[in-house]
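Engineer: any chance you can model this:
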Amino acid sequence: MSILKTKTVKGGETTTILFDELSLYDIPKIMDKMGWTTASALMKHWFSFEKDFRLDTETKSKYINGPSINIPQERVNDSIVKMDWAMHYEVVNKKIDELKNVWASPKGKKRLFVDIYKRNEKNEVNGLINIGGEDKAVQLDYYSQINFREFGEYDDTIDELMGAIGVGILKVAVRGYFDITGGRKKFIVKKLGFYIKDTYDFNDQHKPMAGIGIPDRYNIASEVLGIWSRDGIVAKKEMAGYMASFMAKDFGWLYRHYKGYVPVFNRDFREWQDIHKEGGDFIVFSDVYWTEPLEKDKIIYEDD
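Structural biologist: Numbers count the residues shown, from 1 in each chain. Here you go, the predicted structure:
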């Protein structure tokens, strides 16, 4: 599928400007050349669905906000994104540090002693209820996840984290046990587990030009996912100039300055699905990074 073919008119005659055709299938290969192996693997997984599947608004909300254990297994990938990889990025480490300090907020404690307690109370043995023993984030997300923070901005630097996840959710789960033997219900924290949950889809839910400096008056109906060529992707600081010329149909200037580069939109992937009847949206879970709680949070009381 060619993303862009265009013509321009000069002196009353039609002149064809030959942009290199770029298939969506080429993008994972380009990512691999750039060293973006995680981003590439996620896109390859999207292409691997032989029957097209799209997360509509209702289903997406259900999969993100509802019980994770009810998401169909075929709609989940938890083998590609690793926390070791994500923690190479400062924005993720900052959110880990933030959550490590504030996970036991009033809302976090309410979730722990109400929702999480109810989901695990059937496992009570001699007044103790162990939770957080699951290995998979998709299970922890239901049985012991306490708090979360969103990370990433659409005006962030274009790097592999942005290419793979974009704006994602970092979550924290607890491993430990409820002690209900005394007069005060308490929770003893053994470990905190951090993981990423995200949707991999091509829905247009954000401002198409968000983060690249293009005014809203430009009527672009689909989000720009980058300006790509077989050599890589245009830097964020150059995207506004490129897209301004693109919207002005100044294709001669684009050919001279950005030969081989074409914008890729969310809609291109939806059109791919329309044509090829393949490609599927899915839910991403990373593996889990376990660490010690802060000293102040090793014992949490319900009535504090």
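Engineer: middle-most residue in the protein, spatially?
Structural biologist: The chain has Ile165 as the residue nearest its centroid, 3.2 Å off, counting by Cα atoms, centre = their mean.
Engineer: low-confidence regions, the stretch 101-250 of the chain specifically.
Structural biologist: 154-156, 205-221 (pLDDT under 70).
Engineer: what are the ranges of the helices in the protein?
Structural biologist: 26-34, 37-47, 57-65, 83-86, 90-102, 106-110, 117-120, 137-143, 160-164, 236-247, 251-257, 266-276 (DSSP state H).
Engineer: among these, which is nearest Lys197?
Structural biologist: With Cβ to Cβ, the closest approach to Lys197 among the helices of the chain belongs to helix 137-143: 6.5 Å. In short, each C-beta sits where N, CA and C put it, glycine included.
Engineer: for the closest one, name the packing helices and strands.
Structural biologist: Under the contact criterion of 3 or more Cβ pairs under 8 Å, 6 or more residues apart in numbering; DSSP states H and E, helix 137-143 touches helix 117-120, strand 168-179, strand 186-200, strand 282-285.
Engineer: re the thing from before, out of the helices of the chain, which is the most enclosed?
Structural biologist: helix 160-164 (a mean of 22; mean count of other Cβ atoms under 10 Å).
Engineer: pull the CA atoms of that helix into PDB?
Structural biologist: The C-alpha coordinates for helix 160-164 follow below in PDB (Å, rounded to 0.1, in the frame of the first residue of the first chain):
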ATOM      1  CA  GLU A 160      11.300   4.200  20.700                       C
ATOM      2  CA  LEU A 161       9.200   4.500  23.800                       C
ATOM      3  CA  MET A 162       7.000   7.000  22.000                       C
ATOM      4  CA  GLY A 163       7.000   4.800  18.900                       C
ATOM      5  CA  ALA A 164       6.000   1.700  20.900                       C
END
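Engineer: what does that helix contact?
Structural biologist: With Cβ atoms under 8 Å, 6 or more residues apart in numbering as the test, helix 160-164 has contacts from 31, 34-36, 38-39, 42, 81, 86, 89, 91-92, 152, 156, 226, 233.
Engineer: same thing but at 10 Å, please
Structural biologist: 27, 31, 34-43, 80-81, 85-86, 88-92, 151-154, 156, 168, 196, 198, 200, 211, 225-226, 233, 236, 284 (Cβ atoms under 10 Å, 6 or more residues apart in numbering).
Engineer: please apply the same query to stretch 48-58.
Structural biologist: The contact list for stretch 48-58 (Cβ under 10 Å, 6+ apart) reads 46, 59-64, 74-75, 77, 199-203, 205, 269-270, 272-283.
Engineer: residues in contact with Gly66?
Structural biologist: Thr59, Tyr142.
Engineer: Val138 touches Tyr195, doesn't it?
Structural biologist: Yes: when contacts are counted by Cβ atoms under 10 Å, Val138 is listed as touching Tyr195 (9.3 Å).
Engineer: any common contacting residues for those two?
Structural biologist: Common neighbours of Val138 and Tyr195 (Cβ under 10 Å, 6+ apart) are Asp78, Phe285.
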